[in-house]
Each structure stands twice: as C-alpha cells, then as structure tokens.
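Trainee: What follows is a predicted protein model with its sequence.
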Amino acid sequence: MTLVHRSLAALVVAALLAPVGVAQDSVAKSACLGGDATSPWDLTEQANDFVVDLNAFSTSWGTEFGIAPLLKSSKTALAFTGSLISAQGISSTQTAVTGSAASYAAWVGAGLGINGDPSVNDVPGVVSAVCDMSQFGVAFAEFSTTDAGQDYSGVIGATVAFQPSNPGRLYVSKRMAAVNSCDPNSKLASLAMGSVNGDGHVFIRSDGFGAVGGCGLTMFTGGADNNIWSVDLGARSTSALNVISDDAIGMKDTGALSNYISNEGTAHGPPGNVGLASAPTYIGGNFNAEELHGTAGSVGFSTGHLASTTNARGNVSYTPQNFAPLSSTHGLAGILGYDSGSPIQATYLNVWGLSSNGSVTGNRACSLPGSITDNDDGFVTLGPMGTLEFDHYHSQVAFQGGNGQVAMRVLDNGDLITAAVVDHPLDSGPNHPINAIAVCKVDGVTGAESWTLAGWNDGVAGKDILDGPGGTSIGTLVPLNLVTGGAPLGPSMSSPMIDSKGNIYFMSSLFTDADADFATGLVRAVFDPAGFSYQLDLVMKTGHIFHGENSTKDYLVTFLGIADGNSVSSGAAWSGNISGGAHGGMDPSTLGQLDPRANGGIVISAGIIYDTNDDGDFTRCFDGGVDEDYNVLLYIGHCAWGDVGQGKPAFNGVTPKLTLKGIQVPGSAGSAVVTDMLPGQNYFIVIGLSGLFAPFKNGTLVPNPDFLFPPIPTGGGSSTLPFAWPAGIPSCFPLYYQVWVTGPGLPGPFSATNGVVTEGP
C-alpha cells in the first residue's frame, strides 16, 4: 500500500469503528412570518442552486427508498405560505453530465435556505459538484390568487444531478421557467405544465383564459390563443422574468423560449416530449383527434396514431422504451380512445410508435373487455357486461394536465403492458368513486392481449395492502368518499405510473389497520410476471412523518391530492410522474422485482407541515400554532450506495446483503447494515481503494484488500455498524466495500455479500 492508501484506509477504518452521536428542505428563521418560499416576480430568485439530502424510509414490504421535499411552490400572497401545485412531471430519461464544479447552497440547520431576504433565511454554506453524474428534469405548474385578487399561474422547473453511487444527495438547479404576469396586479395568460426532458427543457401550454392584461403587455384573448412552448432551463436568465404574453418579445426570455404552436384556434392539450437533448421534440394532441410532433418551427400532424377508433380523450403519455411490433425507434406514446356515439365511453388504450421526429411508426389499441378479473385475488369488476370505461380526462384536465392517463412499459421479455383507471360498475360522472387500475398485456411475439387488475375498490372496501409478498393484510383500498366524509365523492385513484420492472405505482384512498383510520397514499402494485398479477405494497401516506435532513426538522405529510371538486385533480399523480427507466440508467434485466433501483424516481405533489419548535405537534401558524406548512414537490427514489453485486450464497442458498446508508458528506451519519447471515457466524469487512473483482473462495472478491477488519461475531443474522463519513477523502475518489462471512465456527464455509462502491463527495 502506498502512503496515500494507508492514510485513506485509516480514515475509513476510523469512521466505521466510531459510533455516531446530518428540498428545498428548509424553514424560516422565525416562526409565523409566512415561511421562506420565494416570490415568482423577485428578480433575485429566478435561479437557485441548492442541495437536497434524502431521508431513508421503508415501505410496508421493507423496500427502502429516500424521500425529500425537492421544490416548494411560490409565495404570492401574505395569507399563504405557497401556491397550489397543479400538474407535475419528471423526465422520462436521465442524462449523463460531467461535474462542472458549480456552486450549490448547502445547509444543515433551521433558518438556513435559499430565500435572499436576511429576515427570512440566513445565508447557507456552499458546496461544489465535480464528479460525473446522472441528471433528470422535474417541473410543475402552480396557481394562486394574489393579494391584488388576480389569478397567478406559473411553471417551476429544475435539473437534478446525482452520483449514481451516492444518490442520497441531490444537486438541484431550480428555475422560474415562466409566469403569466409581471406582478400581483396583472394576468396575460393561463399557463399549464406538460412535460420536461433530462436536459431541462420544460414544455408548457398557454391560452388566454381569464386574462385581464397589465404590465404594458398584450394579453392573449379569444379562442385562437392556444400556444405550445418549451423553456430551456439552462438558458434561463438568472435576473429576468419570462412573462408569457401575446407580444413578439415583451418580457419574454427569448434566449430560453421556443414556440411550437402559435395562437391556434383548435384546443391543444398540455405537451409531451420525446426525450432528445439535441433537438427537444414535441408530441401532443388536439381536439381534432390529431397527434402533433416535431421541433420548434417544424411541427407536423397525423391521425395515424389511433387504432380501432377515430376519437381520442385525454392527454398524450410517453415512455422511452420501444416495442418491436410497432417499429418504434424513439419510444411510445399513448392516449385514451372511444368510438363515435352517445354517451361517450372511452374504451381503448391507444399506443403508437415514434420515430426521431415524433412521427408515427405503427399503432395498436387494447380494447376494454366487459369485465376484468384480478389474477391475484379473483375479484371481478362489478356490473353487467360492457359498462366499464376509462376515465380521468374530464373537466380542466384537457387544458391543465397532467400527462397522461395511459401508463406504458415494455418488459424485459419484449411484452408491452399498458394501464389506466376504469370506472365500474356504471359511470356516475367524472367524480365516480368506484375505480380500478386495469392492465393490458400485449405479447411481443403473438400480439395476444390479456387483462388483469393492479388495484380496485368496490364502493365499500377494496384490494388488500400487504406486509410483504403473499403476506398479511395491513389495510385496504377504499372509495374516496370514506376519507372525505362525502365530498369530493371521487375519483378514488390517480392514473398509474409504471417502473422499469412493470411495478405500478398510484395514489389511492385507503384504510390502514394500524392507524384504524382513512388516508390517501402512494401504493406500489408489485408485478408478478409469471402470474400476470399484482400485490399491494404501501409506500407512504398522509399522516406519515419524515425527517428533513437539511432543515433538521420533522415534517408531517398532510395532503396527497387525487380529486378536486368535480373530477380528478390536475395535481394528482399521472403516468409522467415516474422516470421511464431504472436508477442511473441501469439495465432493468439485472434487477430483481423488489429492487428499489427499478424505480428511477417519482415526484408527487404534497402538503406538508414542519414541526419548527420540535414539540411533536404539527399546527401551522394560521391555525394558532407556530409550525410552517408548504406545498411541495416530493421526490421518492433509490438512496443507498452503489451496489455492484457479486455476492456468494451460504450453504443454505441465501446470499448475505450489505447496505451502506447515509450521505457521503464529511461528518454525516451513516451505517453499514449486513443482513441475511446465519446466527453464530462471523464476518469480515473488506475495504479497497480500487476494485479487484478477483476469484476468491469460489466467489468474487470485489475490493482490493487494502484493509481488512478483524472478525466480528453476528450473534443473530444481521448487524449494523454506525459511522460518520470522514473528512479528507478526495472528491470523486472511489471506495469499494464487501463483507465475507464464515462459520458457524472458524474456519468454515465462506459466503459473501454484494460489493458496494462509492465516490467521495
């Protein structure tokens, strides 16, 4: 070992042997001052770069994810700490980026944050991002009533970078993408968010609904005012507004703004995009049942996207996977369809392939059967034949989003699955509370079509939520009216989101036995490919408390929206709320069905309250307390350090597992957790400053053995070693870890955990 190797090894050893007494995750300096969200019109707050650290938590099945408030909505009125969030989304793909040593605000403590008002936030510290990273984009639309009584709408976007081996720390570059006014007294347009790509191009829609003018600019008026734009977050001015108006320039940030559809009289839905960096490519639909595609200044249209139907409902969905029978090269798009007649009943899941410019390469439709059986529990959708129909396209959704109703995924074996919400047994309108997630599978070779349910309620109760695969029920899905007490009546489920392994995530109203109470929550329907069936895992719900790693304050999830007053809420989850791939661009075929890395990242809108005075009570200022409430975009994703596999099973066939938790920042707390060992065994921790990946004891020794801990007895079958990440490890320097297990007794047959690799911050 060289001297530097000895020094670094000593740092790591000291860290692992020493027990530890570390979203815009922030609170204001003083309670009840209106929080620390920023104003959308403040020229000093158009751009903010900051760090968000994830808090680890486990689902009801024990899958560990990280969660954090990624972005806060804007503050436009004294009486509220933030605007309401409408449609949201995350990029379908991730982009590889080289660390540019950009500066990011970073803090651990209350009162620190990005707000430039010194009475609100103290100035935080600064860190740099220098390693090679993966990057995704996120965006959401927001709306509120200003103190002047005007309707504000805006779009906030961000690019988010992370080291795949250190995913617990997110480097966020937040930008005010666009606003509909220059101040609280004006309104030039109404804005909606459609989608975002991995390079930070946010696609938005604007029209003139409710415009009143102001700012010395020209407002959009009349019906011929449908516009589709993209905003390049990386090109956004850090000291100028981007006001969407009917002026050639006006107060637009022309260096960041591109136009695709200009002042069309036909209504267009919120835009999707094909995740291309070099030429951001729009895909969308309009009220003429046409699909639109292309780059700025070169948009074409077609009706060849619809199969077995000539009419469409809802907004366009997208996934980056290709389906061979459709000859697609740049992913798939989807939309609901219906046959002509009255009443309108959407009974088709239309899917079409895309070329590089978004044009149609082939189409396919799944036709909704008269009834569907849940292949897991045998439940059959209620009602007589022919009464099922797809929903979530009513009311404001066509104009405000989100995107979209149809979720799609091409599985490892080449089969295509699509899913959407159905109403049953009879549709009582857009707020119908009895819903199910219907899933269609199309065989990639034969084209055969089959159906099942991922989740359902029957008007009283619903599919069981379990404590593990094939486990015990811990609750059930229920209709929304049981949660709300009557209004809104429904719907009870959001549109589905599908991860890289075919697991389906959705928001639903539910009842949990432990709390003996109703709630709304995020549910994962875990896919069994062999049985084409799903079992339910509760990810998180209202009433859950998480710790803010940056604010150092706990926060309570108070609201997860599904319905508004008369239909599905645009602020609910949609198919575009989940990444189209696995964590960090991993190959999904290398991952297990329950692996958290199968989820490349989810964003959902939520209301939260911080316990600012640490008294265990969550009461906001406006209700007589001192705690701060916000509307935020929550991020949920993989947060453990880089797993490179190469484990060796014990004689019982079980492979022990090593998980390193924490944030790789000097002084931050972490732990090394070893599970699935046999009682009475001993284990050795091997640490290397490089990877060896050499044959050893009929397994693979992952680290170069620069340091070997003395044997540690397990006692039981698991062990946890707390540590603090040491200072002095160079940025981007890789470290490799593995645990080798012997016994019972010494010497004995060896087994080994997976290897874990990480890079210094």
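Mentor: Happy to help now that I have it. Numbering: from 1, shown residues only.
Trainee: nearest residue to Arg524 other than its sequence neighbours?
Mentor: Of all residues not flanking Arg524 in the chain, Asp537 sits nearest, at 4.3 Å (CB to CB, 6 or more residues apart in numbering). Yep, even glycine has a C-beta here, placed from its N, CA and C like the rest.
Trainee: centre of the chain versus the helix or strand harbouring the one you found, how much separation?
Mentor: Here Asp537 sits within strand 533-541, counting by DSSP states H and E. Put simply, strand 533-541 sits 16 Å off its chain's centre (CA atoms, centre = their mean, to the nearest Å).
Trainee: Name the next helix or strand downstream of that strand, please.
Mentor: Next along the chain after strand 533-541, taking DSSP H and E as the criterion, comes strand 545-547.
Trainee: Just name whatever secondary elements that following strand is in contact with.
Mentor: strand 55-58, strand 554-559 (3 or more CB pairs under 8 Å, 6 or more residues apart in numbering; DSSP states H and E).
Trainee: mind checking which of those is nearest Ala192?
Mentor: strand 554-559 (21.0 Å; CB to CB).
Trainee: Now do the strands in the stretch 1-150 of the chain.
Mentor: 47-53, 55-58, 64-72, 84-90, 95-97, 102-106, 125-129, 133-145 (DSSP state E, counting those that start in this stretch).
Trainee: For Tyr348, find the nearest of these.
Mentor: strand 84-90 (23.3 Å).
Trainee: how far does the closest one sit from the chain's center?
Mentor: Worked out by CA atoms, centre = their mean, strand 84-90 lies 11 Å from the chain centre.
Trainee: returning to what we had before: please tell me how far the residue nearest to Arg524 sits from Leu411.
Mentor: 19 Å (CB to CB, to the nearest Å).
Trainee: Which other helices and strands does the strand holding Asp537 contact?
Mentor: So strand 533-541, by 3+ CB pairs under 8 Å, 6+ apart, packs with strand 449-456, strand 464-466, strand 473-477, strand 504-512, strand 517-528.
Trainee: Columns distance to Asp615 on top of the strands of the stretch 1-150 of the chain, output as a markdown table?
Mentor: Listed next are the strands of the stretch 1-150 of the chain as a markdown table, based on distance: least, CB to CB, whole Å:
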| stretch | distance to Asp615 |
| --- | --- |
| strand 47-53 | 24 |
| strand 55-58 | 20 |
| strand 64-72 | 21 |
| strand 84-90 | 28 |
| strand 95-97 | 42 |
| strand 102-106 | 27 |
| strand 125-129 | 28 |
| strand 133-145 | 30 |
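Trainee: winner for burial among the ones you listed?
Mentor: With neighbours defined as mean count of other CB atoms under 10 Å, the strands of the stretch 1-150 of the chain peak in mean count at strand 84-90, which reaches a mean of 27.
Trainee: So for that one, mean pLDDT?
Mentor: Taken as a whole, strand 84-90 has a mean pLDDT of 98.
Trainee: for that strand, packing partners?
Mentor: Applying 3+ CB pairs under 8 Å, 6+ apart, we find strand 84-90 packed against strand 133-145, strand 190-196, strand 602-610, strand 628-637.
Trainee: hang on, isn't Lys174 packed against Phe140?
Mentor: No: between Lys174 and Phe140 there is no contact under CB atoms under 8 Å: 11.1 Å.
Trainee: who touches both of the two?
Mentor: 71, 156 (CB atoms under 8 Å, 6 or more residues apart in numbering).
Trainee: what sits against the residue nearest the centre of the chain?
Mentor: Closest to where the C-alpha atoms of the chain average out (CA atoms, centre = their mean) is Ile602, at 1.4 Å. By CB under 8 Å, 6+ apart, the contact set of Ile602 is 90, 497, 505, 522, 573, 577-579, 635-637.
Trainee: Buried residues of the host helix or strand of Gln738, list them for me.
Mentor: Following DSSP H and E, the helix or strand that holds Gln738 is strand 734-742. Using 16 or more other CB atoms under 10 Å as the test for burial, strand 734-742 gives 735-742.
Trainee: any idea how far Trp107 is from Asn566?
Mentor: From Asn566 to Trp107 the distance is 42 Å (CB to CB).
Trainee: can I see the domain layout of this protein?
Mentor: Domain assignment for the chain by automatic domain parsing gives 3-20+643-759, 43-127+148-279+289-639.
Trainee: circling back: helices or strands up against the strand holding Gln738?
Mentor: On a contact count with 3+ CB pairs under 8 Å, 6+ apart, strand 734-742 meets strand 657-662, strand 669-675, strand 682-688, strand 691-696, strand 699-703, strand 751-752, strand 755-759.
Trainee: Direction included, what does that strand pair against?
Mentor: Each strand paired with strand 734-742, and its direction, by DSSP bridges: strand 682-688 (antiparallel), strand 751-752 (antiparallel), strand 755-759 (antiparallel).
Trainee: Specify the stretch among those that is closest to Gly304.
Mentor: Per CB to CB, nearest to Gly304 of the strands paired with strand 734-742: strand 755-759, 47.2 Å.
Trainee: what comes into contact with the closest one?
Mentor: 131, 163, 165-166, 641-647, 658-660, 664, 691, 693, 700, 702-703, 731-738.
Trainee: Just want the angle from it to strand 669-675.
Mentor: Put simply, strand 755-759 runs at 160 degrees to strand 669-675, going by axes from the mean of the first three to the mean of the last three CA atoms, to 10 degrees.
Trainee: Any idea how far strand 755-759 is from the middle of the chain?
Mentor: 24 Å.
Trainee: tell me the angle that strand makes with strand 699-703.
Mentor: Computed by the same axes, to 10 degrees, the angle between strand 755-759 and strand 699-703 is 20 degrees.
Trainee: Format the CA atom coordinates belonging to strand 755-759 as CSV.
Mentor: Below are the C-alpha coordinates for strand 755-759, written out as CSV (Å, rounded to 0.1, in the frame of the first residue of the first chain):
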residue,chain,number,x,y,z
GLY,A,755,-20.0,-5.4,-3.3
VAL,A,756,-20.7,-1.7,-2.7
VAL,A,757,-18.8,1.1,-4.4
THR,A,758,-19.0,4.8,-3.7
GLU,A,759,-17.3,8.0,-4.6
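Trainee: if we can go back for a sec, give me the buried entries from the contacts of strand 755-759.
Mentor: Buried among the contacts of strand 755-759 by 16+ other CB under 10 Å: 131, 163, 165-166, 641-644, 646-647, 658-660, 664, 691, 700, 702-703, 735-738.
Trainee: that older thread, let's have the helices and strands packed on strand 84-90 in JSON lines, adding distance to Ser239.
Mentor: Formatted as JSON lines, those follow (distance: least, CB to CB, whole Å):
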{"stretch": "strand 133-145", "distance to Ser239": "21"}
{"stretch": "strand 190-196", "distance to Ser239": "21"}
{"stretch": "strand 602-610", "distance to Ser239": "27"}
{"stretch": "strand 628-637", "distance to Ser239": "24"}
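Trainee: For those strands, give me CSV that also has mean pLDDT and distance to Gly331.
Mentor: CSV is the format used below for the helices and strands packed on strand 84-90 (pLDDT from 0 to 100; distance: least, CB to CB, whole Å):
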stretch, mean pLDDT, distance to Gly331
strand 133-145, 96, 16
strand 190-196, 97, 12
strand 602-610, 98, 19
strand 628-637, 97, 21
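Trainee: Look up the pLDDT of Gly66 for me, please.
Mentor: With respect to pLDDT, Gly66 has a value of 96.
Trainee: for the record, mean pLDDT for stretch 496-505?
Mentor: Here the average pLDDT along stretch 496-505 is 98.
Trainee: With only the CA atoms kept, save that stretch in CSV.
Mentor: C-alpha atoms of stretch 496-505 as CSV (Å, rounded to 0.1, in the frame of the first residue of the first chain):
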residue,chain,number,x,y,z
PRO,A,496,-51.0,4.7,-12.8
MET,A,497,-47.2,5.0,-13.2
ILE,A,498,-45.1,2.1,-14.3
ASP,A,499,-41.4,1.5,-13.2
SER,A,500,-38.7,-0.3,-15.2
LYS,A,501,-39.8,-3.8,-13.9
GLY,A,502,-43.5,-3.4,-14.6
ASN,A,503,-44.5,-2.5,-11.0
ILE,A,504,-47.4,0.0,-11.0
TYR,A,505,-47.5,3.0,-8.6
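Trainee: With that, I have no additional questions.
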